[in-house]
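In: Quick one, structure for this:
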Amino acid sequence: MAQDLTPEDIEKLFTRSDGSYLCARWGRPLSPIVFGVEETTLQVIKGAFEAVCVLAGHQMAETDPELGANVMVFFCRDWAELLDVPDLGRMIDGLETMVDRLEAANANQYRVFRFEADGGIKACFVFLRMDAELAKLPAETLALGQVVQSILLWSDTAFADRSALAQVGGGQVILRPDIADVIRAAYDPVLPVAATEPAHALRLAARIAAGR
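Out: Here you go, the predicted structure:
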C-alpha cells in the first residue's frame, strides 16, 4: 500500500526551484486539441483528459467560448518545426527564443501556461519532441503523464525524482494514488483556484484526510 504524502511532501510538489509556492487549477472547462498525431493516438489523449477530469471533478467542453481550444498539444520531431506552425508565434511570446532554449537543453517536453485574473489556469500549451525516450513509451502512458502535468500547475521540480505514474501488475501504468489524492483535493470547491502561501499545502492535506 502506498504511503500517504505528508503536508511537507505536498508543499514540495508546488514549491518551485526559486523557493516560491504556487498551486493553480483550471477554472474553466478544458477544451483540448492535439497536433501532429494520428487519429488513434488522438483518441488515447482525449481519453486521458476525460479520465483525469473525472478524477478531479472538473469539466471538459468541445470548445472554449473565448479561445476555441485552451489546451493545445503539439507533437514534433524537431523543435524547429514549431516555428512553422501558423499563428503559434502570436500565442507564445518569444517563440524563437523558447525553441533555441529547448534545442540547447536537448529537451523533449515543455509546457507553457496562461492564467486568469484570479490566478487560475486559462490555457496550457504542451510541446513534445518525440525523441527515442518518448517514442518508446506506450501512447497511454505518454498521454496520462502529460495530462496529469497539465491539470494543475505543479512545481518545475515536482516529478524530477519520481514520476507521477506508477507501474502495477502486468506492466500496466496508472496514476500514483497519492498524486490522484492531491489532484482531487486541489479541485475541492472550498479551496481557492490559486494559492501562493505554503499553508495551502496543509489545507490540501486536510482535504485528503477528510476524503478518506
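In: State the three-state secondary structure for F127.
Out: What DSSP: H, G, I helix; E, B strand; the rest coil gives for F127 is strand.
In: Could I get the full set of strands for this protein?
Out: 23-24, 32-35, 71-76, 109-115, 121-129, 165-167, 173-175, 194-195 (DSSP state E).
In: Note down every partner strand of the last one and its orientation.
Out: Each strand that pairs with strand 194-195, with its direction, by DSSP bridges: strand 23-24 (antiparallel).
In: Could you give the separation of the strand it pairs with from the chain centroid?
Out: Relative to its chain's centre, strand 23-24 lies at 11 Å (CA atoms, centre = their mean, to the nearest Å).
In: Near L175, how many other residues are there?
Out: 20 (other CB atoms under 10 Å). Every residue, glycine included, has its C-beta placed from N, CA and C.
In: so it touches L165, yeah?
Out: Yes - using CB atoms under 8 Å, L175 is in contact with L165, at 6.1 Å.
In: tell me, what's touching the two both at once?
Out: Contact criterion CB atoms under 8 Å, 6 or more residues apart in numbering; residues shared by L175 and L165: L144, V148.
In: hmm, back to that, can you add distance to M60 and mean pLDDT and give the strands of the chain back as a markdown table?
Out: Converted to a markdown table, the strands of the chain look like this (distance: least, CB to CB, whole Å; pLDDT from 0 to 100):
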| stretch | distance to M60 | mean pLDDT |
| --- | --- | --- |
| strand 23-24 | 18 | 98 |
| strand 32-35 | 8 | 95 |
| strand 71-76 | 9 | 96 |
| strand 109-115 | 18 | 96 |
| strand 121-129 | 13 | 97 |
| strand 165-167 | 21 | 92 |
| strand 173-175 | 17 | 93 |
| strand 194-195 | 21 | 98 |
